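Participant: give me coordinates for this.
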Amino acid sequence: GTDAKAKNFDCTRGVIYCKTAHNGEMPDKIVGSWLRLDGNSFREDAAIFVSDKPASLHVVSPNGQQKCAGEYVLLASERFRGQPVWQQRRGNFRICCSRDDTWMVVSGTPQEAVEDSIALLHCDQPHFGVMPDKVTRCWSRLDGDSMVVDDAIKVASTSAKPAKFHVTTPNGQQKCGGEYVLCAGEFANNHPLWKQMGGKCWLYSGTNGFWIIGRAGAKKKNFECS
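Facilitator: This next block holds a predicted model:
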């Protein structure tokens, strides 16, 4: 922290450190345990993870396999075929590496989906170490028994969710106007959810992948509507 800065970093441990000498390797490439200061001593903590991989990814698939859409969180301690794995927040889908070194979205754990035919979403481009949000080829989705190329499928790094939105609709449905506040920890179809302040409207993602403003009826359906 500031103590290390004040010493011009002429120190050895700080408050978190890796006990393996780096020899010029970057922090995310080091093989070894990290330790954190706990009281007056350092404690090894396997949960500490340093990575250049996106902490979360956002998947959009409006034309099919909508259940795969939403936010995916990096599983710090899990790798599959030597690559990182992201799990859908509040869901059972994962982004992982296929046997052909391409990215895919599967249901359940990657170990359960050892055959690529189980992929629900799939990018045909070998990633060569490039993360899912950086590949340039289109993604495909499972449609019946075959994969269909769908350029509407998007995988992107998740940006911070705005705490508030202001909606203006002067020519009609004025009751939907006003300020909407993020409902922390709540999701609609695996996407963030905002509630109208002082009103009965909600800003949510429908099952069709569109942003929608709805009223109490949508809430009663748990936002499983479009």
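Participant: contacting residues around the helix or strand that contains residue 95?
Facilitator: Residue 95 is part of strand 93-97, with elements assigned from DSSP states H and E. Here strand 93-97 makes contact (CB atoms under 8 Å, 6 or more residues apart in numbering) with 57, 59, 67-68, 72, 80-83, 85-88, 103-110, 113, 120, 127, 132, 155. (Each C-beta comes from the backbone N, C-alpha and C, glycine too.)
Participant: buried residues of it, list them for me.
Facilitator: By neighbour count, with 16 or more other CB atoms under 10 Å as the criterion, the buried positions of strand 93-97 are 93-97.
Participant: kindly report the same for stretch 146-166.
Facilitator: For stretch 146-166, the neighbour count (16+ other CB under 10 Å) marks 147, 150, 153-155, 158 as buried.
Participant: ok, stretch 164-179 next?
Facilitator: Buried-residue list, stretch 164-179, by 16+ other CB under 10 Å: 176-178.
Participant: how about stretch 181-188?
Facilitator: Across stretch 181-188, burial judged by 16+ other CB under 10 Å covers 182, 187-188.
Participant: among those residues, name the ones in strands.
Facilitator: 182, 187-188 (DSSP state E).
Participant: would you format these as CSV with distance to residue 42 and pLDDT included?
Facilitator: CSV is the format used below for those (distance: CB to CB, whole Å; pLDDT from 0 to 100):
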residue, distance to residue 42, pLDDT
182, 37, 89
187, 37, 86
188, 43, 88
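Participant: what is the nearest of those residues to residue 199?
Facilitator: Comparing those against residue 199 with CB to CB places residue 182 closest, at 15.2 Å.
Participant: and the buried residues of stretch 164-179, which of them are in helices?
Facilitator: Assignment to helices by DSSP state H places none of the buried residues of stretch 164-179 there.
Participant: specify which member of the residues you listed is nearest to residue 203.
Facilitator: Distances from residue 203 to the buried residues of stretch 164-179, taken by CB to CB, are shortest for residue 176, at 8.9 Å.
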